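Engineer: how would this look folded up:
(one chain, ligands or ions: 2)
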Amino acid sequence: MASTLITNISELWTLDPALEDPDERGATGAQVLRDAAFVIDGERIAWTGPAAEAPEADERVDAEGRAVLPGWVDSHSHLIFDGDRSAEFEARMAGQAYAAGGIQVTTDATRSASDERLAALVAQRVQAAQALGTTCMETKTGYGLTVEDEKRAAVLAERLIEEGVLDEATFLGAHLVPAEFADDAEGYVDLVVGPMLAAVAPHVRWADVFCEEGAFTPAQSERVLRAARESGLGLRVHGHQIGRSGGVALAVQLGAASVDHVNFMSPDDIEALAGTAGIATAPGEQDGLLAVDRGPTVATVLPACDLSTRAPLAPARALLDAGAHVAIASNCNPGTSFTSAMPFCVATAVLQMRLSIAEAVRAATRGGALALRRSDVGHLAVGARADLQILEAPAAIHLAYRPGMPLTHAVWRKGRRVA
Ligand SMILES: N=CN[C@@H](CCC(=O)O)C(=O)O
Ligand SMILES: [Zn+2]
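Structural biologist: Residues are numbered from 1 along each chain as shown. Ligands and ions are numbered 1, 2, ... in the order given. Next up, the predicted model:
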């Protein structure tokens, strides 16, 4: 693969981990270079520095004074589904509250879809996300809810990771107690921790649970998470979306990489997450992938979901002020957040959650990488995966200053231009 020099950059957000202030949850000045350039060699960043000192390369791209950021790391999505829930959304806008039960509607439609159709739908959804600057994406099973259907979704996600479309896969068999187990939630948990986990675990790196009223109790969630950990999977939790479900305490107690939603939070919940911030990550078996079972529990906020469900916005400002690690993700799914637009999430985090642009960009890049326990993405230091976006703007603040405008000029993933 040829090397490429990208030059004439007004702001280059390297977010270099080596230049990070451990007490800082936004980018520091040293992590944003002015009048900069960088070189991509193969799949990696090979050089960054002042444009005046740029080395030669096989090809040259003139950014014409635009800003360059790492590609977004979207650490929470549910892309493997079929069916439509727009009527449910419309009813919600007319005053109906969100409830977990809608998951069954998508589950019925997803079970009936062919393998080819599901694969095509997921590929289209990833492409739509990439067009808006997302270059690393996690997705979950959870609309199958039988051994066979959950395995089918996991195998599909694994294949798309091997083909270089997706990056991370999560088992979410504990998304909802499906209709056929309506009177036997414990029986369904037995299935999840037994044959379902055994069938799915070889194909995924993570397990998640929807710990919430109408889904799984803290005790059931704990069973699922402990069994998943026994199988070698890293842990994630959906928690405190509808109420103070206990998911935060569980995630912290079990060392989950992330607890997501976090809308209904007490000061103790916030402190508990902040208390994990100093836990060091550890190298994993593969370059760029850290050990799944070591590190802080990241609070992942989902601004688009909060708007789409008219939930109180997650307290991202208070979490950062307390010292917790925060990630921003899309939660793209048909029920609560049918968008993968990370620029929209970043703009909302600035405009509504009161983050600075540096905090929001960091949360949507390095924050997502930490939530996925990865060191290769979410920054543009030398050696990082060449995942980046050129904005149609001279500065990142335009993402919030001009919300909803088409500000993605070009996107590279693994050193290859994808948009
Ligand atoms: N909360 C649980 N799961 C999804 C929504 C699933 C659905 O309603 O289909 C979420 O993250 O919001
Ligand atoms: Zn979700």
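Engineer: quick one, helices of the stretch 51-200 of the chain?
Structural biologist: 86-93, 103-112, 115-130, 147-162, 185-191, 197-200 (DSSP state H, counting those that start in this stretch).
Engineer: give me the contact list for the fourth one.
Structural biologist: Defining contact as CB atoms under 8 Å, 6 or more residues apart in numbering, one finds that helix 147-162 is touched by 80, 110-111, 115, 118-119, 122-123, 126, 139, 141-144, 166-169, 171, 173, 191, 195-196, 199-200, 203-204. For the C-beta atoms, the positions are set from N, CA and C on the backbone; glycine is no exception.
Engineer: can you redo the helices of the stretch 51-200 of the chain as CSV with mean neighbour count and mean pLDDT?
Structural biologist: Shown next, in CSV, are the helices of the stretch 51-200 of the chain (neighbours: other CB atoms under 10 Å; pLDDT from 0 to 100):
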stretch, mean neighbour count, mean pLDDT
helix 86-93, 13, 97
helix 103-112, 19, 98
helix 115-130, 16, 98
helix 147-162, 20, 98
helix 185-191, 17, 98
helix 197-200, 21, 98
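Engineer: just the element for Val259, please.
Structural biologist: Val259 belongs to strand 258-261 when assigned by DSSP states H and E.
Engineer: and that strand, what does it pack onto?
Structural biologist: strand 234-239, helix 247-253, strand 298-301 (3 or more CB pairs under 8 Å, 6 or more residues apart in numbering; DSSP states H and E).
Engineer: output the shortest one as PDB - backbone C-alpha positions only.
Structural biologist: Output for strand 298-301, consisting of C-alpha atoms alone and laid out as PDB, is shown next (Å, rounded to 0.1, in the frame of the first residue of the first chain):
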ATOM      1  CA  VAL A 298     -16.800   4.000  31.300                       C
ATOM      2  CA  ALA A 299     -20.100   5.900  31.500                       C
ATOM      3  CA  THR A 300     -21.500   5.800  28.000                       C
ATOM      4  CA  VAL A 301     -24.000   8.500  27.300                       C
END
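Engineer: what about Glu285, neighbour count?
Structural biologist: Glu285 has 8 neighbours, counted by other CB atoms under 10 Å.
Engineer: helix, strand or coil for it?
Structural biologist: coil (DSSP: H, G, I helix; E, B strand; the rest coil).
Engineer: closest one to Asn8 among the helices and strands packed on strand 258-261?
Structural biologist: Minimum separation from Asn8 across the helices and strands packed on strand 258-261 (CB to CB) falls at strand 298-301, 34.3 Å.
Engineer: output the contacting helices and strands for the closest one.
Structural biologist: Checking 3+ CB pairs under 8 Å, 6+ apart, strand 298-301 ends up next to strand 258-261, helix 316-322, strand 326-328, helix 366-371.
Engineer: what secondary structure does the residue in the chain positioned nearest to ligand 1 sit in?
Structural biologist: Proximity of the chain to ligand 1 (CB to the nearest ligand atom) peaks at Gly335, 2.2 Å away. Using three-state DSSP, the structure places Gly335 in coil.
Engineer: how confident was the prediction at it?
Structural biologist: The model reports Gly335 with a pLDDT of 98.
Engineer: likewise for the one 4 residues further on?
Structural biologist: Among the per-residue scores, Thr339 holds a pLDDT of 98.
Engineer: kindly report the same for Ala100.
Structural biologist: 89.
Engineer: surely it touches Cys211?
Structural biologist: No. Applying CB atoms under 8 Å as the test, Ala100 and Cys211 come out as separate, 10.8 Å apart.
Engineer: same drill for those two, tell me which one is more crowded.
Structural biologist: Taking other CB under 10 Å, Ala100 and Cys211 do not tie; Cys211 has more neighbours (30 against 20).
Engineer: center of this protein - which residue?
Structural biologist: Centroid-nearest residue in the chain: Ser75, 1.2 Å away (criterion: CA atoms, centre = their mean).
Engineer: check contacts around that residue.
Structural biologist: Ser75 neighbours (CB under 8 Å, 6+ apart): 138, 168, 258, 300, 327, 329, 367-369, 371-372.
Engineer: in the residues you listed, find the pair that's most separated.
Structural biologist: Those two in the contacts of Ser75 that are separated most widely, counting by CB to CB, are Glu168 and Gly367, at 14.6 Å.
Engineer: and the residue nearest to Ala99 when sequence neighbours are not counted, what is it in contact with?
Structural biologist: With CB to CB, 6 or more residues apart in numbering as the criterion, Ala99 has its nearest non-adjacent residue at 5.6 Å, and that residue is Gly214. Counting by CB under 8 Å, 6+ apart, Gly214 makes contact with 99-101, 242.
Engineer: type out the PyMOL command that picks the buried ones from those.
Structural biologist: To isolate the buried members of the contacts of Gly214 in PyMOL, using 16 or more other CB atoms under 10 Å:
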select buried, resi 100+242
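Engineer: ok, and of the contacts of Gly214, which contact ligand 1?
Structural biologist: The subset of the contacts of Gly214 within reach of ligand 1, by CB under 6 Å from any ligand atom, is empty.
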